[in-house]
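[1] Only the shape, not the letters, is given here:
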């Protein structure tokens, strides 16, 4: 019986074999980041950034240009007020009026004193809470994170109303307890009102910044902490000399946002001022701008004051960033 015929195996021809060291094909170029992949990345970046810049332009840039335009004019009345008002070009007159206004300049002094009290209390408290939650002996971390963050979930206006109730004698259980203990503290007094404002802001923002600090502490390499423990470093020394220095960028960023937010303080003092008449309606720069615009109807002065406030916030951001960079480099 004859053996079945077998077909010889095909060997790839030299022309069909892929070159070992030749140029890569289109698929490999896309996989290795060729021009097509880079164009796709640019489109993706534009897709995500264009909406932000459009919204930023609409709600920040254009209003600033409009405020700059309004600051160059003022409303003047004629005929002893019976002839109507007329918009006249004032140049930099509104700016000189704002810079010469004692109430406007005094408002920056109030905010400076507020920052001296508020920033160390809030940032220091948030950092201490974050270190406690991150410590090795901490239990129920998720519960404490949520509990500390809950005050920030309450809108600022609602929080101010709650504290306004808690500050009011005859309504607040806090004042009843203080009276029972013999402590005489007037939350709306001339000297005590600023502490009431600081307490409202610290209560609202401490938990929020604690979450930011805690996230930064979670990024600290565990082997660094283990090495500190092996070297005999205690919990307190590890926290102050290892953990805190390694989250310096997070602390600097928090300080930057806190300073900018403090300059724009409005809701807490505005509500406390309803009971603390000694504070006045122009206690903070934003309150002065609000009063000038919506009560004095001097929109040119309000616009000029808002631009000066924006300039102060920008300079303060620059100073804090420079000092923070020096601290990070030290």
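    Good, I have the coordinates. In this text the structure is predicted, and so the values were computed from the model without any measurement.
[2] so what's residue 174 closest to, chain neighbours aside?
    Once flanking residues are discounted, residue 174 sits nearest to residue 166: 5.1 Å by Cβ to Cβ, 6 or more residues apart in numbering. For glycine as for every other residue, the C-beta is placed from the backbone atoms N, C-alpha and C.
[3] Quick check: the one you found vs residue 160, distance?
    From residue 166 across to residue 160, the span is 11 Å (Cβ to Cβ, to the nearest Å).
[4] The helix or strand hosting the residue nearest to residue 174 packs against which elements?
    According to DSSP states H and E, residue 166 maps onto helix 156-167. Judged by 3 or more Cβ pairs under 8 Å, 6 or more residues apart in numbering; DSSP states H and E, the packing partners of helix 156-167 are helix 173-180, helix 193-218, helix 267-272.
[5] switch to 10 Å and redo it
    helix 141-153, helix 173-180, helix 193-218, helix 267-272 (3 or more Cβ pairs under 10 Å, 6 or more residues apart in numbering; DSSP states H and E).
[6] Quick one: closest of those to residue 259.
    In terms of Cβ to Cβ, the element of the helices and strands packed on helix 156-167 nearest to residue 259 is helix 193-218, at 12.4 Å.
[7] pLDDT averaged over the closest one - what is it?
    For helix 193-218, the mean per-residue pLDDT is 93.
[8] Direction-wise, compare it with helix 141-153 and give the angle.
    Angle, helix 193-218 to helix 141-153, by axes from the mean of the first three to the mean of the last three Cα atoms, to 10 degrees: 140 degrees.
[9] which secondary element of the protein has the worst mean pLDDT?
    Lowest mean confidence among the helices and strands of the chain (mean pLDDT, DSSP states H and E): helix 26-31, at a mean of 48.
[10] what is the mean pLDDT for whichever helix or strand comes after that helix?
    For helix 26-31, the following helix or strand on the C-terminal side (DSSP H and E) is helix 35-56. Helix 35-56 carries an average pLDDT of 84.
[11] thinking again about what came up before, a markdown table for the helices and strands packed on helix 156-167, including distance to residue 286?
    Formatted as a markdown table, the helices and strands packed on helix 156-167 follow (distance: least, Cβ to Cβ, whole Å):
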| stretch | distance to residue 286 |
| --- | --- |
| helix 141-153 | 20 |
| helix 173-180 | 28 |
| helix 193-218 | 13 |
| helix 267-272 | 8 |
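[12] closest to residue 53 out of those helices?
    Nearest to residue 53, of these and by Cβ to Cβ, is helix 193-218 at 24.9 Å.
[13] quick one, the closest one and helix 156-167 angle?
    Angle, helix 193-218 to helix 156-167, by the same axes, to 10 degrees: 130 degrees.
[14] Can you get me a residue count around residue 152?
    Residues near residue 152, counting by other Cβ atoms under 10 Å, number 18.
[15] ugh, wrong one, I meant residue 201
    Residue 201 has 25 neighbours, counted by other Cβ under 10 Å.
[16] which ones are touching it?
    Applying Cβ atoms under 10 Å, 6 or more residues apart in numbering to residue 201 gives the contacts 114, 117-119, 121-122, 156, 159-160, 258, 261-262, 265, 267-269.
[17] which of those residues has the most neighbours?
    Within the contacts of residue 201, most neighbours by other Cβ under 10 Å means residue 269, with 27 neighbours.
[18] Please identify the helix or strand for the residue nearest to the spatial centre of the chain.
    Closest residue to the average C-alpha location of the chain: residue 257 at 3.7 Å, with Cα atoms, centre = their mean. Element membership for residue 257 (DSSP H and E) is helix 248-263.
[19] So which bits of that helix are buried?
    Within helix 248-263, the residues that count as buried by 16 or more other Cβ atoms under 10 Å are 248, 250-259, 262-263.
[20] ok, these vs residue 217, which is closest?
    residue 250 (8.6 Å).
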